[in-house]
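**Q** can't give you the sequence, but here's the structure:
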């Protein structure tokens with residue numbers, strides 16, 4: 001049996017006793033409790049509210065009474081919090097607080113936080129079904145993988161909730177109307193896995209990031225935990241690779257988790273070019289639990305997870321054929337540039353950085369990450385950016401990234417100054433999802449990232465991991 005906790009703030013007025021009893025009764029009805037247990041909840045509600053409101057008289061009436069209902073499947077807890085005129089055990093003795101012999105009553109003096117009155121009712125989880133029926137035993141061969149229609153968006157939002165709760169990094173997946181608009185504008189092409197009963201049990205999508213050049217991102221991959229270890233995620237990825245082959249585009253971006261290898265292995269079965277490794281870019285709570293998915297155990301020594309980015313080319317040379325780089329960067333990044341069809345040539349050793357420059361800042365409060373777009377490197381801009389990052393760390397942010405276009409003057413000098421401030425290499429990214437490339441540097445705040453638990457597949461990706469790790473060890477100030 002499952003039911004989310006319920007909370008209510010009640011004005012200190014006897015006229016609100018009756019609607020409060022109705023609120024408690026609705027919660028009991030949602031759990032399909034026997035009428036006798038619901039009656040006991042209502043009786044306790046009336047008794048405690050009368051006690052608190054009468055005790056307050058003309059004082060503390062502006063402070064609402066807080067009510068909380070929650071269940072763990074084996075019992076139901078009904079708690080009232082009084083933060084008005086204090087009530088103590090002596091006051092309770094003069095009041096008829098009727099408690100059934102099966103129930104447990106507890107009074108807790110919380111000091112300046114008030115007093116709590118708690119009644120706990122035992123319930124039998126075998127007598128009352130879940131609010132949403134669990135996924136019935138399903139033969140994976142009976143699951144259909146197909147394009148999703150615009151009338152199915154509600155089911156998709158429910159699927160994301162089953163796997164992530166309300167923690168998924170793209171919050172628009174919880175708004176069916178926003179999903180529908182993306183589908184209608186052809187900004188998203190969704191593949192859905194549907195059970196014989198019509199319930200969505202898996203999903204992956206191509207999300208269009210740009211129309212000129214045409215750029216897609218493969219993401220929004222999710223599988224119902226009821227089908228864990230059934231090979232459905234791998235099947236969805238395989239179908240999506242065929243979808244990419246059929247869809248005209250300049251390139252497709254893959255952002256792959258590194259707490260397991262399933263997506264990496266499937267992507268690298270096809271021609272794909274490794275781009276960058278964003279170390280510790282996401283909080284661990286926003287990743288689906290491996291245990292819940294049935295594909296392993298979650299690392300206990302990691303607060304944040306890393307993302308490996310790769311691209312699959314849809315046309316020859318989508319990022320051009322040559323780029324000018326300082327020799328130290330060209331030599332380090334050659335193994336990433338060559339598969340993209342890009343040849344680097346050394347820049348002049350006397351190239352300088354402009355005085356001013358400019359950058360833009362984007363905050364991701366959910367991930368506690370900051371992204372700097374150093375669109376025009378300059379001495380003043382780099383100095384200001386470093387100061388901003390120090391400020392954002394003090395605010396509790398844990399990951400910072402700086403993107404510098406490869407075709408901008410002053411790249412080498414900006415790189416050296418950022419490295420002295422603790423930034424280290426991540427690799428390359430498609431700059432603003434265009435035909436330009438940018439160097440990505442990154443820096444970590446005070447957090448735990450276990451390099452040994454970053455799972456990487458393939459020789460090129462492992463070479464990148466070693467480059468990033470060695471640069472981190474050389475430059476990190478924490």
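**A** Happy to help now that I have it. Note that this is a predicted model, so its numbers are computed, not measured. Residues are numbered from 1 along each chain as shown.
**Q** now the helix or strand where residue 426 lies: how far from the chain's centre is it?
**A** In this assignment (DSSP states H and E), residue 426 forms part of strand 424-430. Going by C-alpha atoms, centre = their mean, to the nearest Å, the spacing between the C-alpha centre of strand 424-430 and its chain's C-alpha centre is 22 Å.
**Q** Give me the next element, helix or strand, following it.
**A** Beyond strand 424-430 on the C-terminal side, the first helix or strand identified by DSSP H and E is strand 437-444.
**Q** looking at this, residue 339 is in a strand?
**A** No - per DSSP: H, G, I helix; E, B strand; the rest coil, residue 339 lies outside any strand segment and is helix.
**Q** surely it meets residue 275?
**A** No - using C-beta atoms under 8 Å, residue 339 and residue 275 do not qualify as a contacting pair, with a distance of 9.8 Å. Quick note: C-beta positions are derived from backbone N, CA and C, even for glycine.
**Q** Now residue 83: closest residue in space that isn't a chain neighbour?
**A** Excluding the flanking residues, the one nearest residue 83 by C-beta to C-beta, 6 or more residues apart in numbering is residue 114, at 3.8 Å.
**Q** and what of residue 317?
**A** What sits nearest to residue 317 in space, not counting adjacent residues and going by C-beta to C-beta, 6+ apart, is residue 341, at 4.7 Å.
**Q** so the one you found touches residue 323, yeah?
**A** No - applying C-beta under 8 Å as the test, residue 341 and residue 323 come out as separate, 11.1 Å apart.
**Q** roughly how far apart are residue 230 and residue 168?
**A** Look at residue 230 and residue 168: by C-beta to C-beta, to the nearest Å, they are 22 Å apart.
**Q** Run through the residues that contact the nearest residue to residue 221 once chain neighbours are set aside.
**A** Setting aside the residues directly before and after it, residue 221 is nearest to residue 204 in space (C-beta to C-beta, 6+ apart), at 4.4 Å. Residues touching residue 204, when contacts are defined by C-beta atoms under 8 Å, 6 or more residues apart in numbering, comprise 190-191, 218-222, 236-237, 239-240.
**Q** One more: residue 449?
**A** By C-beta under 8 Å, 6+ apart, residue 449 lies in contact with 279-280, 302-304, 306.
**Q** go with 6 Å
**A** The neighbours of residue 449, taking C-beta atoms under 6 Å, 6 or more residues apart in numbering as the test, are 279-280, 304.
**Q** now swap in residue 342 and tell me
**A** With contacts defined as C-beta under 6 Å, 6+ apart, the neighbours of residue 342 are 319, 323.
**Q** Could you rerun that using 8 Å?
**A** By C-beta under 8 Å, 6+ apart, the contact list for residue 342 reads 317, 319-323, 437.
**Q** Repeat that for residue 243.
**A** Counting by C-beta under 8 Å, 6+ apart, residue 243 touches 189, 191, 206.
**Q** looking at it, residue 41 is touching residue 22, isn't it?
**A** No - checked against C-beta under 8 Å, the pair residue 41 and residue 22 is beyond contact range at 11.2 Å.
**Q** Between those two, which is the more surrounded one?
**A** For the pair residue 41 and residue 22, the greater number of neighbours falls to residue 41 (21 against 10), based on other C-beta atoms under 10 Å.
**Q** Confirm that one sits in a helix?
**A** Yes - under three-state DSSP, residue 41 falls within a helix.
**Q** Now do it, the pLDDT please.
**A** Per-residue confidence at residue 41 stands at 92 (pLDDT).
**Q** which non-adjacent residue is nearest it?
**A** Excluding the flanking residues, the one nearest residue 41 by C-beta to C-beta, 6+ apart is residue 24, at 5.0 Å.
**Q** go on, residue 170?
**A** Leaving aside its chain neighbours, residue 170 sits nearest to residue 220 (7.2 Å; criterion: C-beta to C-beta, 6+ apart).
**Q** What segments of this protein are helices?
**A** 17-30, 35-56, 89-93, 153-164, 176-184, 232-246, 262-267, 290-293, 327-337, 379-394, 411-420, 459-475 (DSSP state H).
**Q** Quick one: low-confidence residue ranges for this protein.
**A** Counting by pLDDT under 70, the chain contains low-confidence ranges at 1-3, 58-60, 93-103, 124-138, 228-229, 285-302, 349-350.
**Q** domain ranges for it?
**A** Structurally, the chain divides into domains by automatic domain parsing as follows: 6-122, 140-249, 322-475.
**Q** With distance to residue 270 as extra columns, can I get those in TSV?
**A** Written out in TSV, the entries for those read as follows (distance: least, C-beta to C-beta, whole Å):
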stretch	distance to residue 270
domain 6-122	45
domain 140-249	5
domain 322-475	12
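**Q** Compare those domains and give me the one nearest residue 264.
**A** Residue 264 sits nearest to domain 322-475 of all these, at 4.0 Å, using C-beta to C-beta.
**Q** what about that closest one, distance to the chain center?
**A** Relative to its parent chain, domain 322-475 has a centroid offset of 23 Å by C-alpha atoms, centre = their mean.
**Q** Same question for stretch 52-63.
**A** With C-alpha atoms, centre = their mean, you get 43 Å for stretch 52-63.
**Q** which residues are contacting it?
**A** Defining contact as C-beta under 8 Å, 6+ apart, one finds that stretch 52-63 is touched by 12-14, 17, 65, 80, 82-85, 87, 91.
**Q** how about those in TSV, adding neighbour count and distance to residue 104?
**A** Listed next are the contacts of stretch 52-63 as TSV, based on neighbours: other C-beta atoms under 10 Å; distance: C-beta to C-beta, whole Å:
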residue	neighbour count	distance to residue 104
12	22	26
13	11	29
14	11	27
17	16	23
65	23	21
80	24	15
82	24	19
83	16	23
84	20	25
85	16	26
87	20	19
91	14	20
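**Q** Farthest pair within those residues?
**A** Farthest pair in those (C-beta to C-beta) is 13 and 91. Separation: 19.9 Å.
**Q** can you count the residues close to the residue nearest to residue 317?
**A** Burial measure for residue 341: 15 neighbouring residues, criterion other C-beta under 10 Å.
**Q** OK, contacts around it?
**A** Residue 341 makes contact with 313, 316-317, 319, 321, according to C-beta under 8 Å, 6+ apart.
**Q** Same check on residue 421?
**A** 386, 389, 443, 477.
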